[in-house]
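Undergrad: can you look at this prediction? I've put the sequence above it.
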Amino acid sequence: MHTLYNHSPVRHVLAACRQSNPPLPADAEAGRILFMDDDESIRSLTQGLLGNLGYVCDLAKNGEEALQLYQRRLGLGRAYDAVIMDLTVVGGMGGEQTFKRLRELDPRVRAVVTSGYDSDELRHHLLGLGIRGYLPKPYRVGELGRLLKTVAA
């Protein structure tokens, strides 16, 4: 199993994932995901991991970018299958605020929040807002895949 850590060397983790989880054929796309995190290495790593799980992944570094990408996609008549957002974004809109704004654009938005902070109180709060999943960091690739199958279904 692979675990996502903030300090993981991206190329080594991606290489290991590709060896144990070869990419799916192009016609086996599992869905399109919007992933938001302020850490460039986490964005890059997660895009590769999601690709290995069969998802196409668009990236945003903050809530403002996520809103623009989501709105553009809605304009094409194709909402994202799921949005994964880091709870805390330095110098920008984080996951909770972004979710509230996304819900104004699309009441059916399917969102997952990730965070290095984990507590039952935080989970209940986020799920009470309508967020469909919470994934504490560091998370394993399998956990991410299972959660997305549930959320994006």
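TA: Yep, it's here. Residues are numbered from 1 along each chain as shown.

Undergrad: what are the ranges of the helices in this protein?
TA: Remark: helices assigned in the chain by DSSP state H are 10-20, 40-52, 63-75, 95-105, 120-129, 141-151.

Undergrad: buried set for the last one?
TA: Right, the one you point to is helix 141-151. By neighbour count on 16 or more other C-beta atoms under 10 Å, the buried set for helix 141-151 is 141, 144-145, 147-148, 151. Every residue, glycine included, has its C-beta placed from N, CA and C.

Undergrad: now swap in the fourth one and tell me
TA: For helix 95-105, a neighbour-count test (16+ other C-beta under 10 Å) marks 95-96, 98-99, 101-102 as buried.

Undergrad: distance from the chain centre to stretch 32-50, please.
TA: Distance of stretch 32-50 from the chain centroid (C-alpha atoms, centre = their mean, to the nearest Å) equals 7 Å.

Undergrad: pLDDT averaged over it - what is it?
TA: The average pLDDT for stretch 32-50 rounds to 96.

Undergrad: tabulate the CA atom coordinates of that stretch in PDB.
TA: C-alpha atoms of stretch 32-50 as PDB (Å, rounded to 0.1, in the frame of the first residue of the first chain):
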ATOM      1  CA  ARG A  32     -13.200  13.500 -13.600                       C
ATOM      2  CA  ILE A  33     -11.900  14.900 -10.300                       C
ATOM      3  CA  LEU A  34     -11.000  18.400  -9.200                       C
ATOM      4  CA  PHE A  35      -8.200  18.400  -6.700                       C
ATOM      5  CA  MET A  36      -7.400  21.400  -4.600                       C
ATOM      6  CA  ASP A  37      -4.300  21.800  -2.400                       C
ATOM      7  CA  ASP A  38      -1.800  24.600  -1.900                       C
ATOM      8  CA  ASP A  39       1.200  22.300  -1.900                       C
ATOM      9  CA  GLU A  40       2.400  21.800  -5.500                       C
ATOM     10  CA  SER A  41       4.100  18.500  -4.800                       C
ATOM     11  CA  ILE A  42       0.800  17.100  -3.200                       C
ATOM     12  CA  ARG A  43      -1.100  18.300  -6.300                       C
ATOM     13  CA  SER A  44       1.300  16.600  -8.600                       C
ATOM     14  CA  LEU A  45       1.500  13.400  -6.600                       C
ATOM     15  CA  THR A  46      -2.300  13.100  -6.200                       C
ATOM     16  CA  GLN A  47      -2.900  13.800  -9.900                       C
ATOM     17  CA  GLY A  48      -0.600  10.800 -10.700                       C
ATOM     18  CA  LEU A  49      -2.200   8.600  -8.100                       C
ATOM     19  CA  LEU A  50      -5.700   9.500  -9.400                       C
END
